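**Student:** Build me a structure from this.
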Amino acid sequence: MTANLYYQLGLLISFGALLMAGTAALHALLSKRDSKSALAWIAVSIVMPIAGPIIYLVFGINRVGPLARESYRANLPTDETETDSEPEEYSRQPRAIVGHSVTGIGLRSCESIEILENGEASYPAMLETIAKAEKRVYCCSYIFQNDSAGRALVKAFVEAQDRGVDVRILLDGLGSIAYPPSIVRTLRKAGLPFLRFNPISILPPSLHINMRNHRKMLVTDGKYAFTGGQNISARHLVKEANNPKCARDLHFLLTGKIVDELERAFLKDWNHAAGITEPAPFVPSNRNVQEADIWTRLIPDGPNDDLDKLTKLLVGVMSTARDRIWIMTPYFLPSLDLIGALIAAELRGVDVKILLPEKTNIHLAHWAALHNLRYILDRDLKVYLQPAPFIHTKAILIDDDYALIGSANLDPRSLRLNFELVVEVFNRTFANKIEAYFNRCLSAAVALDEKRLKSLPRWMKVRNAIAWLFSPYL
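**Tutor:** Sure, this is the predicted structure:
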């Protein structure tokens, strides 16, 4: 009797394991876009009929898009005011058509755009605009640290609020606690209104590390807008003594119609964090100026929208390059689509240069990138490593009239898992300034070749390869 019971129990477990393996394998077969990924998950499910399906359930199923679309419900109605369309000379350019096709968003005039290098330039400019604010100050940052830079901004926010200015501060739920010292307690003590985007909590359980708000914005009175790659942290003060973890970066100060788009993006994120839907239409502060020399397009990207929106944009604009594609990013784990676009450009005779930091502040991402760079170099793409201090700049320059700036890195986390913000800039003068910045960085950089990667000790190669396996989550 006992033996028969064990036999039946064994049959039941075997049947359950086969059912789990078959279900996981079928799901991978029908849902995966890449045949190699599907085959790998099918193999894992069959070889390990109990552990395999569990691993697939945890790591193999993409829940980010559906979860983000379900949770990101708060919205902001489009403004009802009429705005002039962009000039035909810009809107008919192939590169401009790409952005419109991907996003459905037209070009917006920009009165001025100023490059702010490192915290030494960006923080004083921010403080100046906050001091002049009369109506509203909106700030969004992935990291906001309780250090000299953070406290200076808090002081300015308090003074603005005391003048009757509407001050709102939006922090990412993970970034606000993962990079101490956190500013949260200081904001609360100062009585400043702040919210956390997708906060981390144990009860109710909300521990996801994806769907992070990686955007950086500061908008004042609808007149001035800052965006770029810099967080609020003294680490961006590169000239400060005793700052071994300093990070060089660019930020940008914009004026004109594009400011309305940045303000609208902030309010959508704020409403999401507050759990409300704005009932009234957005009221713009600017208009599209037909005579503008600078034209821009804001592209908010996130897992709640088309997961590959930014990748499509990059592939599209890279396909229009005639002379050069210069890329600067701190983390470089591009998709096969992007690698293909870069290879195609190089084969057309386009000057493709990729500038990376020699070392990054995220070891796993750096190790994975080193492993992946073997294939990049094997396809004759030029890669340059920039020595310390760590450079956190994200910028793409195409030909002599187009630049893409903002918060997004060229890695799976930025391209698929985070809420990001980038701005297309159509202007030769601005492109020339970005080119000058690239050239200064190139003058100190060293070209990377396959020989250097092959000379790494075997244990490093194994470490890098293992890190690369987790690249979809880095």
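**Student:** residues contacting residue 117?
**Tutor:** 248-250, 437 (Cβ atoms under 8 Å, 6 or more residues apart in numbering). C-beta coordinates here come from the backbone N, C-alpha and C atoms, glycine included.
**Student:** and it, backbone torsions?
**Tutor:** Backbone torsions for residue 117, taken as degrees, to the nearest 10, come to phi -90, psi 120.
**Student:** Return the distance of it relative to residue 284.
**Tutor:** To residue 284, residue 117 is 30 Å away according to Cβ to Cβ, to the nearest Å.
**Student:** how far is stretch 108-120 from where the chain is centred?
**Tutor:** 19 Å (Cα atoms, centre = their mean, to the nearest Å).
**Student:** Let me see the domain layout of this protein.
**Tutor:** Taking automatic domain parsing as the reference, the chain has its domains at 2-61, 69-94+108-294, 309-473.
**Student:** so how far is residue 43 from residue 418?
**Tutor:** With Cβ to Cβ as the criterion, residue 418 and residue 43 are 30 Å apart.
**Student:** Among those two, which residue is more densely surrounded?
**Tutor:** Between residue 418 and residue 43, counted using other Cβ atoms under 10 Å, the more crowded position is residue 418 (25 against 13).
**Student:** My guess is that one contacts residue 213. True?
**Tutor:** Yes - with contacts counted by Cβ atoms under 8 Å, residue 418 reaches residue 213, the gap being 7.4 Å.
**Student:** circling back to that earlier point, which one of the contacts of residue 117 has the most neighbours?
**Tutor:** The contacts of residue 117, ranked by neighbours (other Cβ under 10 Å): first place residue 249, 25 neighbours.
**Student:** Point to the residue nearest the middle of this protein.
**Tutor:** When Cα atoms, centre = their mean is applied to the chain, the residue found nearest the centroid is residue 408 (2.7 Å).
**Student:** element containing that one?
**Tutor:** Under the criterion of DSSP states H and E, residue 408 resides outside all helices and strands.
**Student:** all numbers from here: first residue = 33
**Tutor:** Noted, 33 is the first residue going forward, which turns the last one into residue 440.
**Student:** what's near enough to touch it?
**Tutor:** Contacts of residue 440 by Cβ under 8 Å, 6+ apart are 246, 333, 342, 426, 446-447, 450, 452-454.
**Student:** and if we set it to 10 Å?
**Tutor:** Counting by Cβ atoms under 10 Å, 6 or more residues apart in numbering, residue 440 makes contact with 246-247, 261, 331, 333, 342, 346, 361, 426, 428, 446-447, 450-454.
**Student:** mind listing which of these are in helices?
**Tutor:** Using DSSP state H, the subset of those located in helices is 342, 346.
**Student:** mind listing which of the contacts of residue 440 are in strands?
**Tutor:** Among those, the residues falling in strands (DSSP state E) are 331, 333, 428, 452-454.
**Student:** Out of the contacts of residue 149, which sit inside helices?
**Tutor:** Going by DSSP H, the helices hold residue 469 from the contacts of residue 149.
**Student:** If we only consider the contacts of residue 149, which is nearest to residue 209?
**Tutor:** Using Cβ to Cβ, residue 281 is the member of those that sits closest to residue 209, with 21.8 Å.
**Student:** Now do the phi/psi pair for the closest residue to that closest one other than its chain neighbours.
**Tutor:** Among residues not flanking residue 281 along the chain, residue 424 sits closest, at 4.2 Å (Cβ to Cβ, 6 or more residues apart in numbering). Torsion angles at residue 424 (phi, psi; degrees, to the nearest 10) stand at phi -100, psi 10.
**Student:** Residue 264 and residue 186 touch, don't they?
**Tutor:** Yes - using Cβ atoms under 10 Å, residue 264 is in contact with residue 186, at 9.4 Å.
**Student:** And the strands in the stretch 83-232 of the chain?
**Tutor:** 140-142, 144-149, 168-173, 198-204, 226-229 (DSSP state E, counting those that start in this stretch).
**Student:** Who's the closest spatial neighbour of residue 461, skipping the chain neighbours?
**Tutor:** residue 325 (7.5 Å).
**Student:** Give the burial count for that neighbour, as a bare number.
**Tutor:** Neighbour number of residue 325 under other Cβ under 10 Å is 14.
**Student:** Please apply the same query to residue 157.
**Tutor:** 16.
**Student:** Quick one: residues contacting it.
**Tutor:** Shown in contact with residue 157 (Cβ under 10 Å, 6+ apart): 146, 148, 250, 256, 258, 283, 285.
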